[in-house]
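S.K.: Got a sequence here, can you model it:
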Amino acid sequence: MALFLFCKSPAGPVRMNRIQLILCCFLLSLIIYFFNGSKAAVSSKSVHPLAEVLGMKDGRILKDTSVIKTVDPRHSERTSWGAPLVWGDSHNSVWRRAKLSEQGISVGLLVLVVGTYARFIRHFLTSAETHFLPGQMVTYYILTDNPRTLDPPLDLGPGRHMKVLPAAELPGWDRLAYRRMVLFTETIFELIGKEVDYIFCTDVDQEFVGPVGEEILGDLVATLHPEFFNVQRNQFPYEDQEDSSACVEEDEGDYYYTSEFYGGVVSQMRRLARDCSMLILQDEANKVTARALEESYLNRYLIDHRPTCVLSPEYSWWDSPLTVRVPKKRLVSLGRQCEAYDNRIVKKF
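M.R.: Residues are numbered from 1 along each chain as shown. Below is the predicted model of the structure:
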């Protein structure tokens, strides 16, 4: 080694002077650095020093104890079972909009407006007129306990209609979340019938802030929950009470879906609303409360009946430290705020 060039001579050991000692230490440091640096370079688990400074882990930036998630630019456009995973500006979405926009399609948008939720309806409808399936025939089905909420009536565009349907007031979020699916079932079976090709159910405390076009259409459509996108399955807040009809086993489930926006063709939506209502009523009779209320039953159903079209979190987004940052926001919640989950989902308006 180079170190011994200074430590030995042909005549035997010699005493190093101060300069030689410094040079030996310097060369030894270089050798140690070279070998350690090579190992770090080939390690696939090494962390960039800048990542440590920023607090990054696995491509995510950690801020205090919360995680700000970002969408991988190489995000998948297909689920494991082959259904499209819709991002609004993808090539596939552009192609679907172009293909379906020329077809005569009728779509129903079903919302429940009772009690204090009435304050959201006019803003919701105004935003839908601008962004929801422009150019298509859309009927707004408004289930409400106060028809005067819509006085004076809104001016709707060509091919857009509104039907106000009576509903009894359901005070309290818990009761509303349990009864809404039952009301949707009755409305789809008894009143909507064959009036439209597709039905989408949504929360009224939202607004459309970007184009939502024909790319969302499918036989059974579900939307990924923005706070549980790109997280491990064991972090999904599936129902875990064994005596609940919404219970999900440890080896079940692909995604966690939000109850704020879902839909499909009339026949599929009839089945979904009916089956979820039966599960809800069964638990209600047994005095069992699912921790995510209506959302628990929707996720149970979508595990047993996988969606044919899955919408990305662009189509259901709200401001929260846990919410994934998406390329473009399209449907945003005005009322839903982030709360500590503590093994349950809390909706606060």
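S.K.: how about the strands in the stretch 101-250 of the chain?
M.R.: Secondary structure of the stretch 101-250 of the chain (DSSP state E, counting those that start in this stretch): strands located at 106-113, 137-144, 160-166, 198-202, 206-208, 220-224.
S.K.: Could you export the ones you listed to CSV, including columns for distance to Glu314, mean pLDDT and mean neighbour count?
M.R.: C-betas here are computed from N, CA, C, even on glycine. Formatted as CSV, the strands of the stretch 101-250 of the chain follow (distance: least, C-beta to C-beta, whole Å; pLDDT from 0 to 100; neighbours: other C-beta atoms under 10 Å):
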stretch, distance to Glu314, mean pLDDT, mean neighbour count
strand 106-113, 18, 95, 22
strand 137-144, 20, 96, 21
strand 160-166, 23, 94, 15
strand 198-202, 14, 97, 24
strand 206-208, 11, 97, 22
strand 220-224, 9, 98, 26
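S.K.: Can you lay out these as a markdown table showing distance to Arg179?
M.R.: Output for the strands of the stretch 101-250 of the chain, formatted as a markdown table (distance: least, C-beta to C-beta, whole Å):
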| stretch | distance to Arg179 |
| --- | --- |
| strand 106-113 | 9 |
| strand 137-144 | 11 |
| strand 160-166 | 14 |
| strand 198-202 | 14 |
| strand 206-208 | 20 |
| strand 220-224 | 21 |
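S.K.: What is the neighbour count of Glu186?
M.R.: By the other C-beta atoms under 10 Å criterion, the neighbourhood of Glu186 contains 15 residues.
S.K.: Could I get the contacting residues of Thr223?
M.R.: Tyr257, Thr258, Glu260, Phe261, Tyr262, Val310, Leu311, Ser312, Pro313, Tyr315, Ser316 (C-beta atoms under 8 Å, 6 or more residues apart in numbering).
S.K.: Check Glu242 too.
M.R.: The neighbourhood of Glu242, defined by C-beta under 8 Å, 6+ apart, contains no residues.
S.K.: Please apply the same query to Arg271.
M.R.: Applying C-beta under 8 Å, 6+ apart, the residues near Arg271 are His305.
S.K.: Poorly predicted segments of the stretch 101-250 of the chain, please.
M.R.: Where the stretch 101-250 of the chain drops to pLDDT under 70, the residues are 169-178.
S.K.: so where do the helices sit in it?
M.R.: With DSSP state H, counting those that start in this stretch, the ranges of helices along the stretch 101-250 of the chain come out as 121-131, 173-186.
S.K.: Could you export those helices to JSON lines, including columns for distance to Val107?
M.R.: JSON lines is the format used below for those (distance: least, C-beta to C-beta, whole Å):
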{"stretch": "helix 121-131", "distance to Val107": "11"}
{"stretch": "helix 173-186", "distance to Val107": "15"}
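S.K.: Asp205 is nearest to which of the ones you listed?
M.R.: helix 121-131 (7.6 Å; C-beta to C-beta).
S.K.: what's that closest one in contact with?
M.R.: By C-beta under 8 Å, 6+ apart, helix 121-131 touches 109, 111, 113, 138, 140, 142, 144, 149-150, 154, 156-157, 160, 162, 204-212, 330, 334.
S.K.: List just the one of the helices of the stretch 101-250 of the chain that sits closest to Trp81.
M.R.: Using C-beta to C-beta, the helices of the stretch 101-250 of the chain put helix 173-186 closest to Trp81, at 24.7 Å.
S.K.: tell me the domain boundaries of the chain?
M.R.: Domains of the chain are assigned by automatic domain parsing as 4-42, 77-333.
S.K.: so which of those is the most packed in?
M.R.: Each of those was scored by mean neighbour count; the highest is domain 77-333, a mean of 18, by mean count of other C-beta atoms under 10 Å.
S.K.: ends of it, how far apart?
M.R.: 24 Å (C-alpha to C-alpha, to the nearest Å).
S.K.: quick one: contacts for the nearest residue to Val265 once chain neighbours are set aside?
M.R.: Leaving out its chain neighbours, the residue that sits closest to Val265 by C-beta to C-beta, 6 or more residues apart in numbering is Asp219, at 5.2 Å. Counting by C-beta under 8 Å, 6+ apart, Asp219 touches Gly264, Val265, Gln268, Thr308, Cys309.
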